[in-house]
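1. The following comprises the amino acid sequence and a computationally predicted model.
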Amino acid sequence: MKIKAQIDEDIKQAMLAGEKTLVTTLRGLKSEILYEEVAKGVREEGLGEDAVIDLLVKEAKKRQESADMYDRGGSAERSQAESEEKKIIEKYLPSQLSNEELDKLVSSVIIELKATNMSDMGKVISSVKSRSRGSADGATISKIVKEKLSV
């Protein structure tokens with residue numbers, strides 16, 4: 001089942017179960033997907049799965065950043081709410097690559113692109129992101145690429 005259809009189905013189930021946080025979060029995701037479809041002029045066809053995954057990755061990242069800011073601001077309750085929303089979003093994302101798997105992927109891309117120094121970092125990160133398709137955090141990818149290219 002496509003992610004968008006799964007979100008629609010899960011909204012119905014959450015409404016029947018009376019899970020307010022889940023309903024609110026999923027409706028927000030549905031709204032973001034719709035907004036993106038309209039912005040790209042593909043409302044009738046809908047976004048492709050890769051575009052939906054990219055959007056969900058961005059939304060999860062926003063929740064993490066908000067949770068971190070609330071933690072720094074001393075608002076544990078709001079931080080917890082953002083973290084809960086992030087967990088809900090992550091259920092629709094592909095499983096994350098382990099550090100070892102990501103390390104191998106980065107190494108293979110570096111070899112394939114014949115990257116030798118930090119000036120190649122952008123190309124390597126871009127390629128790894130496209131190949132991992134939402135299953136790796138951008139900051140982690142960047143960190144590993146930086147380590148490997150700075151040697």
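-> Structure's in. What do you need?
2. measure residue 49 to residue 117 for me?
-> Per CB to CB, to the nearest Å, residue 49 is found 35 Å from residue 117. To be clear about C-beta, it is placed using only N, CA and C from the backbone, and glycine gets the same treatment.
3. So for the two, which sits in the more crowded spot?
-> Neighbours were counted for residue 49 and for residue 117 using other CB atoms under 10 Å; residue 49 has more, 13 against 8.
4. Next up, the contacts around the more buried one.
-> Each residue near residue 49 by CB atoms under 8 Å, 6 or more residues apart in numbering is listed here: 2, 3.
5. For stretch 97-105, list every residue counted as buried.
-> Residues 97, 102, 105 are the ones in stretch 97-105 that count as buried (16 or more other CB atoms under 10 Å).
6. neighbouring contacts of stretch 103-122?
-> With CB under 8 Å, 6+ apart as the criterion, stretch 103-122 contacts 97, 123-124, 127-128, 131-132, 136, 141-142, 144-146, 148-150.
7. What about these, which are in helices?
-> When the contacts of stretch 103-122 are checked against helices (DSSP state H), the matches are 123-124, 127-128, 131-132, 141-142, 144-146, 148-149.
8. just those now: which is nearest residue 73?
-> Ranked by distance to residue 73 (CB to CB), the ones in helices among the contacts of stretch 103-122 are led by residue 142 at 26.2 Å.
9. What distance do you get for the nearest residue to that closest one once chain neighbours are set aside to residue 73?
-> Leaving aside its sequence neighbours, residue 142 sits nearest to residue 125 (CB to CB, 6 or more residues apart in numbering; 5.9 Å). In this view, residue 125 and residue 73 are 31 Å apart by CB to CB.
10. Out of these two, name the residue with the larger neighbour count.
-> Legend: neighbour count by other CB under 10 Å for residue 125 and residue 73, higher for residue 125 (18 against 10).
11. quick one on the thing from earlier: got a winner among the ones in helices among the contacts of stretch 103-122 for most neighbours?
-> residue 145 (25 neighbours).
12. Where strands are concerned, which of the buried residues of stretch 97-105 count?
-> Secondary structure defined by DSSP state E assigns none of the buried residues of stretch 97-105 to strands.
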